[in-house]
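Student: next comes the sequence, and after it the predicted model I'd like to discuss.
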Amino acid sequence: MPWREKLIIALDVSEPDYALELVDKFGEQIEIYKVGLELFTSAGPRIVEKIHKRKKKVFLDLKLHDIPATVIKAAVAATRLGVYMFNVHASGGLDMMKMCRDSVIELCLKENLPKPKILGVTVLTSISQDVLKAEMGIQHSLITHVRHLSALALKAGLDGVVASGHEVAKIKSHCGNKFLIVTPGIRPSWHPPDDQHRTMTPKQALREGADYIVMGRSILNHSDPLRAIELISLEMLTA
Ligand code: C5P
């Protein structure tokens, strides 16, 4: 896959006009945009339609986490919006993930819609081993927990997971190479980690086997975002 199809830009802004300005500015360079909580709650589903009008794909990152009936309804709405991928929290449980997948497949067959990729969020890249244990009460290691949630997402029939670069190799060996891994928490050498804890450079993450990398602040906050993309693409090409 060319680097362009592997780099997802997180449109973590609240102004829809600014988000679209960025999409227009990046032009041919970027194929997939992530619409997350900030942009979706301030701009609504129309922003997804506007990005689609520009012939770009959308990863709807709402990290759905609720009872199965509620998640299913949101998943159906995301599928009708035509997003390329969306995610649910794997810790929402096997039934929730399985019912979500089955409802999406049923809808796609019934209405002849393209099936979005459904991903399970494992452990957020902002969570450290200490926080997992002390605050979330999970006693086994972070990697064991990520592997457990990934196996659950696989069992539920999801297409893949969202996980940090540090867990990619273990997940691939446990769940198989076709199980997709989308990796946020990516930091090029010039950018600080911010609130992220389990970070990796774009090159490292791709070498570990990530299928897609997600990058937000290190591109959007760069004094010249196009130059940042160019530097990242050069790094990705050497991975
Ligand atoms: O700015 P930065 O590159 O850290 O952005 C990472 C993006 O990936 C954010 O939009 C964040 O919501 C998202 N994300 C994450 N960790 C996850 C899942 C999604 O950082 N596990």
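Tutor: Noted; the coordinates are in hand. Residues are numbered from 1 along each chain as shown.
Student: in the protein, which residue sits closest to the ligand?
Tutor: Gly216 (2.8 Å; CB to the nearest ligand atom). Placement of C-beta: from N, CA and C, glycine included.
Student: for the closest residue to Trp3 other than its chain neighbours, helix, strand, or coil?
Tutor: In space, and not counting its chain neighbours, Trp3 is closest to Met236: 4.2 Å by CB to CB, 6 or more residues apart in numbering. Assigned with DSSP: H, G, I helix; E, B strand; the rest coil, Met236 falls in the helix class.
Student: Met236 against Pro202, yeah?
Tutor: Yes. Using CB atoms under 8 Å, Met236 makes contact with Pro202 at a distance of 5.4 Å.
Student: joint contacts of these two?
Tutor: Contact criterion CB atoms under 8 Å, 6 or more residues apart in numbering; residues shared by Met236 and Pro202: 7, 213.
Student: neighbour count for the two, which is higher?
Tutor: Neighbour comparison, Met236 and Pro202: the larger count goes to Pro202, with 28 against 19 (by other CB atoms under 10 Å).
Student: now do the contacts for the more buried one.
Tutor: Residues counted as contacts of Pro202 (CB under 8 Å, 6+ apart) are 7, 186, 188, 213, 215, 232, 235-236, 239.
Student: pLDDT value on it, please?
Tutor: pLDDT for Pro202: 96.
Student: quick check: phi and psi at it.
Tutor: When read as degrees, to the nearest 10, the backbone of Pro202 gives phi -60, psi -40.
Student: which residues in this structure form helices?
Tutor: Remark: helices assigned in the chain by DSSP state H are 16-26, 37-43, 46-53, 68-81, 94-111, 129-134, 142-155, 168-175, 202-208, 217-220, 225-237.
Student: reformat the ones you listed as CSV; add distance to Pro192.
Tutor: Converted to CSV, the helices of the chain look like this (distance: least, CB to CB, whole Å):
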stretch, distance to Pro192
helix 16-26, 21
helix 37-43, 20
helix 46-53, 28
helix 68-81, 33
helix 94-111, 34
helix 129-134, 19
helix 142-155, 22
helix 168-175, 22
helix 202-208, 16
helix 217-220, 9
helix 225-237, 14
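Student: what's the most buried one of those?
Tutor: Across the helices of the chain, the average number of neighbours (mean count of other CB atoms under 10 Å) peaks for helix 202-208, which reaches a mean of 22.
Student: any idea how far it is from the middle of the chain?
Tutor: Remark: helix 202-208 is offset 16 Å from the chain centroid, using CA atoms, centre = their mean, to the nearest Å.
Student: rewinding a little: ok, the residue of the chain closest to the ligand - contacts?
Tutor: Applying CB under 8 Å, 6+ apart, the residues near Gly216 are 9-12, 34, 184.
Student: let's see that with 6 Å instead.
Tutor: Gly216 makes contact with 10, 12, according to CB atoms under 6 Å, 6 or more residues apart in numbering.
Student: how much space between it and Asp61?
Tutor: Between Gly216 and Asp61 the distance is 10 Å, computed by CB to CB, to the nearest Å.
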